[in-house]
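Novice: sequence and computational prediction follow.
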Amino acid sequence: MRRPPRGYTDSFRIIGGAHRGRRLGFPPLPGLRPTPDRVRQTVFDWLAPTIGGARCLDLFAGSGALGLEALSRGARAVTFVEREHAAAEAIRGHLATLRSEDGTVVIADAVAALASLRGPFDVAFVDPPFESTLRRKTLDALAASTLLAPDARVYLEGPADEAPSVPPGWSVHRSKSAGNVGYHLLVVGATPATPT
């Protein structure tokens, strides 16, 4: 069995809201890497005006860090989509630990699951494996669906050297990088803002 990379940890902490400071573990699966604390802090600062009461979709949920952070910060409901059974069961365990009845876990391929989900969602988190070509494919599938509310926010994470390619009618509202991670907040059907 391969040793985890240096600095690897199999846990993350919720950094804001009702469960701030709570540390949660996840199974050591290949490619599973929670969004770093400082990135999550920036993302949820961006989402602060909309996250309260929002219905959220966490695609490629992995550790569940983004969706669980959203619930801690007042999201009304989060649907987690994760194809790895061990990761999905860990998220279910976290929801039970946090006594949250507002999370639903779907064990499925993220893109395939879009056909059977019920929206509308106000916020979607799209954080596929770095090595994959799923970013644009997922965004196109979301754009072609009726799952997103008008003016929905879509968080996209990927390699820092890969500029976001967004569907027609969407705009890049915010964009930053930290190390090798590029992260972006997209807005559906909105006038582009100056990225910061």
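Specialist: Yep, it's here.

Novice: so which elements touch the helix ranked longest in the chain?
Specialist: In the chain, taking DSSP state H as the definition, the longest helix is helix 37-51. If you count contacts as 3 or more Cβ pairs under 8 Å, 6 or more residues apart in numbering; DSSP states H and E, helix 37-51 packs onto helix 65-72, strand 121-126, strand 148-159, strand 170-178, strand 181-188. For the C-beta atoms, the positions are set from N, CA and C on the backbone; glycine is no exception.

Novice: 10 Å - rerun?
Specialist: Contact partners of helix 37-51 among helices and strands, from 3 or more Cβ pairs under 10 Å, 6 or more residues apart in numbering; DSSP states H and E: strand 11-13, helix 65-72, strand 121-126, strand 148-159, strand 170-178, strand 181-188.

Novice: and the angle from that helix to helix 65-72?
Specialist: Here helix 37-51 points in a direction 50 degrees away from that of helix 65-72 (axes from the mean of the first three to the mean of the last three Cα atoms, to 10 degrees).

Novice: so what's the gap between helix 37-51 and the chain middle?
Specialist: In this view, helix 37-51 has its centroid 11 Å away from the chain centroid, taken as Cα atoms, centre = their mean, to the nearest Å.

Novice: what about the helix or strand following that helix, distance to the chain center?
Specialist: For helix 37-51, the following helix or strand on the C-terminal side (DSSP states H and E) is strand 55-59. Its chain's C-alpha centre and that of strand 55-59 lie 7 Å apart, by Cα atoms, centre = their mean.

Novice: tell me the buried residues in strand 55-59?
Specialist: 55-59 (16 or more other Cβ atoms under 10 Å).

Novice: next, format the residues you listed as CSV and append pLDDT and distance to Asp161.
Specialist: Formatted as CSV, those follow (pLDDT from 0 to 100; distance: Cβ to Cβ, whole Å):
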residue, pLDDT, distance to Asp161
Arg55, 98, 33
Cys56, 98, 28
Leu57, 98, 27
Asp58, 98, 25
Leu59, 97, 22
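
Novice: one step back: in JSON lines: the helices and strands packed on helix 37-51, plus mean neighbour count.
Specialist: Compiled in JSON lines, the helices and strands packed on helix 37-51 are given as follows (neighbours: other Cβ atoms under 10 Å):
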{"stretch": "strand 11-13", "mean neighbour count": "16"}
{"stretch": "helix 65-72", "mean neighbour count": "27"}
{"stretch": "strand 121-126", "mean neighbour count": "24"}
{"stretch": "strand 148-159", "mean neighbour count": "20"}
{"stretch": "strand 170-178", "mean neighbour count": "17"}
{"stretch": "strand 181-188", "mean neighbour count": "21"}
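
Novice: thank you kindly, that will do.
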